[in-house]
Structures are given as structure tokens and as C-alpha cells.
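[1] could you look at this predicted model? Sequence included:
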Amino acid sequence: MTTLAGIEGRLAPQGLAILGGFVATAEDDLPTGTRTVLMIGPDGANFWPILTASAEWQDGAPDPVDRWSRRVIGGIACGLGAKALFPFGGPPYRPFFSWALRTGRCHQSPVRLLVHDEAGLWVSFRGALALKESIDLPPPPPPPCEACIGRPCLTTCPPRALTAAGYDVPACHAFLDTPAGQDCLSNGCAVRRACPVSVAHARMREQSAYHMGQFHR
């Protein structure tokens, strides 16, 4: 019998974790027979050293993170008799945003980005497992933003590119081209860093710098 603990035991050595799950319905565009979907993402600071030690990272070929994700999550899926699904490789793309909301562990934050009960605004997904078994999922905790004092995500963005009004991507890129923007490029988005839940999530600076570099190239 497949259990959450058993799947977590397969993911942890790869620096990955279950960030939520939901019960599949007949209306979902999922592999035939899917009963449970588990959302898979980085496990805090454990993820980056494992990824950067991999052959995909060191071979110099494009898209090392996506290639690593396909190999690792795909291998875990095969061992479980499941299917691996990914947020990249499209179009068309899988609806990871709406899937994340269905877990009850992710919510739309005041700045409209996904916020997770443990990862905060650092939440990201490397893939999902479509299981043919029904897995008991624990009830999700309350949305973290409900108890957030001050909601610093709303006021932290230096160029005011990321606010309750949405995300002004050109303004963000323009700011990153300035000397003041080097802090976000080197340490990660200031808004994501300001989230109190993100502060408690041990994400490595090098990981944030890499993804900011990919975003701004």
C-alpha cells in the first residue's frame, strides 16, 4: 500500500518534498485512472546542493533543472506505478497554478503570487505525481496570509512592480538593470524574501540567484 510517508521517503534523498495534493476527478485532464495528484517541489535548503551535484547540472547542456526533474521525478513515478507530470515542456502547459490552489496548502497571496503554508512565496514545483491509488491527505492548515501582520509583500518591491495591482514585468526588468536591482538579482525577489513564511523557509541564496538570472536574461 502506497502511503504519503513512503513517497516522502523516496523524495527526501533527492531534496524534494510533497507540497500538497488533491483528489482527481473525472473532469481533470489527467492520465487515465488517476485518483490522487501530489505536487512535488524543492525541500528547502536540501534541494540545491543535490541538484548542482548532478550530471545534468555539470554537463553544460541547456535546461539542467528541467532535465534533472524529468529524470528524478520520472524515476520515482515509475517506481510507484504512477505518471510524472511537469510544469514545463509546453505549450500546452499543465495547470499547476490551479492544481496548487486545489491542495488547500497554496493560496493566492495579496500580490497574486502563490503562497504556501511552509514555503511561503518561495513555493515552486518541479513536477507532480499522478497516482492510481487513493492516498489519505491530511487537512490543510489555515491560509498563512490570514494571520500575517502588516503584509509586507504589498509594500516591499523597490520599483513597485509587484503589488496588489498585479505584476508589472517590464518595470521589474528595468529595475533589475540598475545598480539597486542587484540585490534582487543576487538574493532573490525582495517581495518573496519579505514574506514571514518565506523567511522561515531555508531556501539557499544561490538557488534564488540562479532563477532570477534565468528570468532576467
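    On my side now, so go ahead. Computed from a prediction, not measured in an experiment: that's the story for all the values here.
[2] contacts only, for residue 61.
    Residue 61 is in contact with residue 67, counting by Cβ atoms under 8 Å, 6 or more residues apart in numbering. The way it works is simple: take the backbone N, C-alpha and C, and place the C-beta from them, glycine included.
[3] ok, residue 70 to residue 89 distance?
    With the distance defined as Cβ to Cβ, to the nearest Å, residue 70 ends up 8 Å from residue 89.
[4] can you check residue 174 too?
    As judged by Cβ to Cβ, residue 174 and residue 89 stand 30 Å apart.
[5] residue at max distance from the center of the chain?
    In terms of distance from the mean C-alpha position of the chain, residue 179 ranks first, at 28.3 Å (Cα atoms, centre = their mean).
[6] tell me how far it lies from residue 90.
    Residue 179 is 36 Å from residue 90, where distance means Cβ to Cβ.
[7] for residue 191, same thing?
    To residue 90, residue 191 is 26 Å away according to Cβ to Cβ.
[8] grab the nearest non-local neighbour of the residue nearest the centre of the chain.
    Closest to where the C-alpha atoms of the chain average out (Cα atoms, centre = their mean) is residue 124, at 1.0 Å. Nearest residue to residue 124, sequence neighbours excluded (Cβ to Cβ, 6 or more residues apart in numbering): residue 41, at 5.5 Å.
[9] picking up where we left off before, neighbour count winner among residue 70 and residue 89?
    Between residue 70 and residue 89, residue 70 has the larger neighbour count (other Cβ atoms under 10 Å), namely 18 against 13.
[10] and the next helix or strand past the helix or strand hosting the more buried one?
    If you go by DSSP states H and E, residue 70 is part of helix 64-80. Counting by DSSP H and E, the next helix or strand C-terminal to helix 64-80 is strand 83-85.
[11] got the buried residues for the helix or strand that that following strand is followed by?
    Downstream of strand 83-85, the first helix or strand assigned by DSSP H and E is helix 96-102. Residues of helix 96-102 classed as buried: 96, 99-102 (neighbour count, 16 or more other Cβ atoms under 10 Å).
[12] residues in contact with helix 96-102?
    By Cβ under 8 Å, 6+ apart, the residues outside helix 96-102 that reach it are 19-20, 22, 37, 39, 87, 106-108, 114, 116, 123, 125, 128.
[13] could you give the mean pLDDT of it?
    Computed over helix 96-102, the mean pLDDT rounds to 98.
[14] go on, stretch 32-51?
    Computed over stretch 32-51, the average pLDDT equals 97.
[15] identify each buried residue in that stretch, please.
    Quick answer for stretch 32-51 (16+ other Cβ under 10 Å): 34, 36-44, 46-48, 50-51.
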